[in-house]
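3D, please:
(2 chains)
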2 protein chains.
Amino acid sequence: MKDATSLDADDALGYLRGRFQLPADTVYLDGNSLGVLPAAVPARLAQLVRDEWGQDLISSWNRHDWIGMPVAVGEKIAGLLGAGPGQVICCDSISVNLFKLLTTALQLRPGRTVILSEEGNFPTDLYLTQGISDLLGTARCSVRNVPPEQLISAMDEDVAVVMLTQVNFRDGRLLDMQALTHAAHDRGILVLWDLAHSAGVLPIELDAWQVDMAVGCGYKFLNGGPGAPAFVYLASRHQNQVAQPLCGWLGHAQPFAFEPGYRPAAGVQCYLAGTPGILGMAALDTALDCFAGVSMTALRAKSLALSSYFIDGLQEELHGGVLRLLTPRDAARRGSQVALSHPQAWGVSQALIAAGVIVDFREPDVVRFGFAPLYNSFSDVAYALDRLRHILATEAYRDARFSERPRVT
Amino acid sequence: MKDATSLDADDALGYLRGRFQLPADTVYLDGNSLGVLPAAVPARLAQLVRDEWGQDLISSWNRHDWIGMPVAVGEKIAGLLGAGPGQVICCDSISVNLFKLLTTALQLRPGRTVILSEEGNFPTDLYLTQGISDLLGTARCSVRNVPPEQLISAMDEDVAVVMLTQVNFRDGRLLDMQALTHAAHDRGILVLWDLAHSAGVLPIELDAWQVDMAVGCGYKFLNGGPGAPAFVYLASRHQNQVAQPLCGWLGHAQPFAFEPGYRPAAGVQCYLAGTPGILGMAALDTALDCFAGVSMTALRAKSLALSSYFIDGLQEELHGGVLRLLTPRDAARRGSQVALSHPQAWGVSQALIAAGVIVDFREPDVVRFGFAPLYNSFSDVAYALDRLRHILATEAYRDARFSERPRVT
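The predicted structure is shown next:
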């Protein structure tokens, strides 16, 4: 294996690490859960709080264009997704946005009632489809969750929309967005892609691939901070057709006319509901500037180089069969994380954290290593490998300190 | 009239102004739209961003109990609402929370299909009921909006829930929450109160008055900052009965078990949906400490003293009939704002702002003066009166500078 130091020296994207404030004495491999702090965010938030909120107060909605932020931030995100203007808006959470889009999809495909997904999808996605079916009744909406290999055969004439997550949260599998979208369209089915684990870390071409709808997360690879607002993508061709039920005042055509009846704003703007959280959105807005001048193709290449370096370094440990690689070895089929299973996965994750390598655990037996090509280095990976090998060799995961599980794992 | 300076000197709550950073050279009477910056917020946010996000990163969900914030902040708010523990949670926007609670109410009253409201309610409330009716169909949900004086006669056996805003956003009228709740209950109807313009500014006794459900706003009289998260109140007796359709992962009984099926968390916690915005919630959390040691009764007394002082000071101007008082003269029937109508209301509001008195305009002809008893003084009111009289006397509202209307009024 090549030396990490020389790989870092050759890394044309290595300078991007300077755009972030990395935690001290730590190798952070959990950017797929919460991205690190962009260096420009503290000053932006301090200025916003002190001047915009503190001094200009209510006038800031106009003077500092707070009112335009969901669109402006949405457009910045659109630039990472291959989405032309007027199709992305930043607002609410993925859960809430899924509700808006799934109810939209059902209306766009009258006569079809099934939401198709894969059974390993992120739980909130599955919960929301269940919630919609329970609310509307199975005559109007039912849920079909299948293993990924059965997706295409499950695409029948009852399916209104197929809702999939591009990169699986648990094992890091990457679905073929283009092929699955094409297959769905061939059968008259809409697609809704959850980009939580892919936005900002691999090239996506929503427009070119004719994706209908998407949602995504602001706090993972977009580095927008804890609980950053999410986003909605709705392709232009589907806009202004049907209403979405979370029709709050900021999605109105003229919110400040205070009309008693709802008239949706044109375009994707009617997917706004209540007043957006400006502090969180400003942090995300500034965080998105970390992508300035960065090619998504180059970012993807580095991401795969990092994860390949990690997998290659584990050949010996994977040989025994106790530690298993859940993520595809084929680079083209994985996102930007590597998932390992181990019978003592909780202890392994905690031993890594104790050794300064921040990873996370997922039930029942998974340790996730997220690689954020904007700020992770090959030296980060080498250190993580070294510690992981040591923990496995010494069985340090059996330490009694790791018996207790906190609320968040 | 008594001298404002001596009223301020006698004001037992005057010291509370020191808990805020007030804008320079300005009398701010728009706390009913966006509360001012609590003095402790900048340091709290800076610390959160630098240390909790920047250094402790993902571990902060446990270490700094980010995961517990919706409940913890909810309980702080509960203390202002006469709500015992386990009934209030801080999350999402009023719009989104109305959706959760209205669909809950419809399920709690099977066979009843009408959502009753008043036609002058805040638009987002009316839009959401319309959205729910459109989604579910009129056989399951229809909307009945009536003038306030017809509310009780409209409470028939078809009504599942009456949704009202305690203080009207436009004219500042205060509805009798206790009497209307009682009347609704007599007819088997649930009540859902929107406390956007009343939480934090007058005594509310949700438990004692047997209110069923409530929502409210974090960024007005609670001073949580622009777009601060809202809250949900659901009385204990209605909890764990029915599901709410925005069933996101953080409302699950065990979010980090990542189970494929939804099992709602016990109590009000299942009204959480997606990951909460921690920056905005932390600002609100700190802002709520401004209420420490403050009696809501004393706050209400000061609020009415401020608005009465304002109304009393306008007797001459109101006499002519051009300027009209929309807010009830009877103090017991108003919230914490005074609304005036004037044919040139837009110009009047802009002339006041140009003179350093921050108010706002509401269509079609309303100028609103919000009085925040935590930080507004009688001298603030005296200055506003002086400038308003001058503007009316000189017709300064006709200034050509005020011809243009920005996006947010």
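
Look up the closest residue to the closest residue to chain B within the stretch 1-150 of chain A, ignoring the ones flanking it.
Scanning the stretch 1-150 of chain A for proximity to chain B using CB to the nearest CB identifies A:S93 as nearest, at 2.3 Å. In this view, the C-beta of every residue, glycine as well, is placed from N, C-alpha and C. Excluding its sequence neighbours, the residue lying closest to A:S93 (CB to CB, 6 or more residues apart in numbering or on different chains) is B:G274, at 2.3 Å.

got a list of what that neighbour touches?
Under the criterion of CB atoms under 8 Å, 6 or more residues apart in numbering or on different chains, the contact partners of B:G274 comprise A:D92, A:S93, A:I94, A:S95, A:V96, A:T124, A:A230, B:G248, B:W249, B:L250.

just to confirm, which helix or strand has A:A12 in it?
Assessed by DSSP states H and E, A:A12 sits outside every helix and strand.

what's the burial count for the closest residue to chain B within the stretch 101-250 of chain A?
Chain B sits closest to A:G248 of the stretch 101-250 of chain A, with a gap of 3.0 Å, by CB to the nearest CB. The criterion is other CB atoms under 10 Å in any protein chain shown. On that basis, A:G248 has 29 neighbouring residues.

which residues does A:S377 contact?
Contact analysis of A:S377 by CB under 8 Å, 6+ apart lists A:A4, A:D8, A:D11, A:G14, A:R17.

gap between it and chain B?
Applying CB to the nearest CB, to the nearest Å, one obtains 17 Å for the distance of A:S377 from chain B.

So for the residue in the stretch 201-350 of chain A that chain B sits nearest to, what's the pLDDT?
Evaluated by CB to the nearest CB, the stretch 201-350 of chain A has A:G274 as its residue closest to chain B, separated by 2.4 Å. Per-residue confidence for A:G274 comes out at a pLDDT of 97.

got the residues of the stretch 201-350 of chain A near chain B?
Where the stretch 201-350 of chain A comes near chain B, counting by CB under 8 Å from any CB of the partner chain, the residues are A:219, A:225-230, A:243-249, A:252, A:255-262, A:273-281, A:283.

Would you list the buried entries among the residues you listed?
Judged by neighbour count, with 16 or more other CB atoms under 10 Å in any protein chain shown as the criterion, the buried members of those are A:219, A:225-230, A:243-249, A:252, A:255-256, A:258-259, A:262, A:273-281, A:283.

which residues of chain A fall in helices?
Defined through DSSP state H, the helices belonging to chain A, from first to last, are A:4-10, A:41-47, A:60-63, A:69-81, A:94-108, A:123-136, A:177-186, A:278-288, A:296-312, A:315-319, A:345-354, A:378-394.

Pull out the buried positions in the fifth one.
Spelled out, it's helix A:94-108. If you call a residue buried by 16+ other CB under 10 Å, then helix A:94-108 has these buried ones: A:94-108.

and it with helix B:94-108, angle?
70 degrees (axes from the mean of the first three to the mean of the last three CA atoms, to 10 degrees).

what's the answer for the last one, then?
Here the directions of helix A:378-394 and helix B:94-108 differ by 40 degrees (the same axes, to 10 degrees).

how about the closest residue to A:R44 other than its chain neighbours, what does it touch?
What sits nearest to A:R44 in space, not counting adjacent residues and going by CB to CB, 6+ apart, is A:T286, at 4.3 Å. With contacts defined as CB under 8 Å, 6+ apart, A:T286 is in contact with A:P38, A:A40, A:V41, A:R44, A:L45.

if we go to 10 Å?
Applying CB atoms under 10 Å, 6 or more residues apart in numbering or on different chains to A:T286 gives the contacts A:38-45, A:48, A:73, A:223-225.

Most neighbours among the residues you listed, which one?
A:G224 (32 neighbours).

Skipping its backbone neighbours, what lies nearest that residue in space?
The shortest distance from A:G224 to any non-neighbouring residue, by CB to CB, 6+ apart, is to A:L284 (3.2 Å).

From B:A228, how far off is that neighbour?
16 Å (CB to CB, to the nearest Å).

Who are the contact partners of the residue of the stretch 101-250 of chain A closest to chain B?
A:G248 makes contact with A:91-92, A:255, A:262, A:270-275, B:93-96, B:98-99, B:123-125, B:127-128, B:131 under the criterion CB under 10 Å, 6+ apart.

one more time with 7 Å
Taking CB atoms under 7 Å, 6 or more residues apart in numbering or on different chains as the criterion, A:G248 is in contact with A:L272, A:A273, A:G274, B:S93, B:S95, B:T124, B:Y127, B:L128.

How about A:V146?
By CB under 7 Å, 6+ apart, A:V146 lies in contact with A:E118, A:E119, A:A154.

Apply 6 Å and report the result again.
A:A154 (CB atoms under 6 Å, 6 or more residues apart in numbering or on different chains).

Got the confidence number for it?
98.

so it bridges to which residues?
For A:V146, the beta-bridge partners under DSSP bridges are A:E118.

That one and A:I94, how far apart?
A:V146 is 21 Å from A:I94, where distance means CB to CB.

Please work out how many residues are found near the closest residue in space to A:D25 that isn't next to it in sequence.
With CB to CB, 6+ apart as the criterion, A:D25 has its nearest non-adjacent residue at 5.8 Å, and that residue is A:G356. Under the neighbour criterion other CB under 10 Å, A:G356 is assigned a count of 15.

now A:D65
As a burial measure, the neighbour count of A:D65 was computed by other CB under 10 Å and equals 14.

Which residue comes closest to it once chain neighbours are left out?
For A:D65, ignoring the flanking residues on the chain, the nearest one in space by CB to CB, 6+ apart is A:A72 at 7.2 Å.

any idea of the angle the lengthiest strand in chain A forms with helix A:94-108?
Among the elements of chain A assigned as strand by DSSP state E, the one spanning the most residues is strand A:159-165. Orientation check (the same axes, to 10 degrees): strand A:159-165 against helix A:94-108 gives 160 degrees.

Relative to strand A:159-165, what are the paired strands and their orientations?
As assigned by DSSP bridges, strand A:159-165 forms pairs with strand A:114-118 (parallel), strand A:190-194 (parallel).

Compute the inter-axis angle for the last one and helix A:177-186.
Angle, strand A:190-194 to helix A:177-186, by the same axes, to 10 degrees: 150 degrees.

do the same with the first one
Counting by the same axes, to 10 degrees, strand A:114-118 points 160 degrees away from the direction of helix A:177-186.

Pull the residues that contact strand A:114-118.
Residues external to strand A:114-118 that are found in contact with it (CB under 6 Å, 6+ apart): A:T129, A:S142, A:V143, A:R144, A:N145, A:P148, A:A154, A:D158, A:V159, A:V161, A:V162, A:M163.

buried subset of those?
When the contacts of strand A:114-118 are checked against 16+ other CB under 10 Å, the ones flagged as buried are A:T129, A:S142, A:V143, A:R144, A:N145, A:A154, A:V159, A:V161, A:V162, A:M163.

Test for you: state the pLDDT assigned to the closest residue in space to A:M155 that isn't next to it in sequence.
For A:M155, ignoring the flanking residues on the chain, the nearest one in space by CB to CB, 6+ apart is A:R187 at 4.7 Å. Taken from the predicted model, the pLDDT recorded for A:R187 is 98.
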